[in-house]
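>>> The following comprises the amino acid sequence and a computationally predicted model.
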Amino acid sequence: VLETRLSQPDCSSRGWILHGFPQNLDQARILQGSQYQPNRVYFLDLSDEVCLSRVSLRATDPVSGQRSVQSDQNQNRASSPTGAEEGPSPPGSTL
């Protein structure tokens, strides 16, 4: 799917950004073996406290001020010692 998308004319002419990919070693190897190599990589190093704060704010309803159940689930997963090893987030998640 990734190679199909990156081969489209808009990606070839304007470039592309991968957000949250690769998430594990297997995905990194797939990207490395493809013909599409990034020419820049940015790594944002944030503390757990800052990350959890941003996730919480992102999932707050602007009208009611209530946090969604999804945010609570993500915060619990992110704060668990093995949270980062659970694999990719489901589509539409806030992490």
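Received, thanks.
>>> Do you know the pLDDT at Q75?
The per-residue pLDDT reported for Q75 equals 50.
>>> Now do the same for A59: its pLDDT.
pLDDT, A59: 66.
>>> And F21, by the same measure?
Here, the pLDDT recorded for F21 equals 85.
>>> And Y36, by the same measure?
87.
>>> host element of it?
Per DSSP states H and E: Y36 is located in neither a helix nor a strand.
>>> That one contacts R5, correct?
No: counting by C-beta atoms under 8 Å, Y36 sits too far from R5 to count as a contact (9.5 Å). No exception for glycine: its C-beta is placed from N, CA and C like everyone else's.
>>> Tell me which of the two has more neighbours.
Ranked by neighbour count (other C-beta atoms under 10 Å), Y36 and R5 place Y36 first, with 14 against 11.
>>> so what's that one closest to, chain neighbours aside?
Nearest in space to Y36, with sequence neighbours left out and distances taken as C-beta to C-beta, 6 or more residues apart in numbering, is L6 at 4.5 Å.
>>> My read is that the one you found contacts L31, right?
No: using C-beta under 8 Å, L6 makes no contact with L31, being 9.9 Å away.
>>> This structure - how does it break down into domains?
The chain resolves into domains spanning 2-33, 48-83 when parsed by automatic domain parsing.
>>> how long is the shortest one end to end?
The stretch domain 2-33 measures 12 Å between its terminal residues, going by C-alpha to C-alpha, to the nearest Å.
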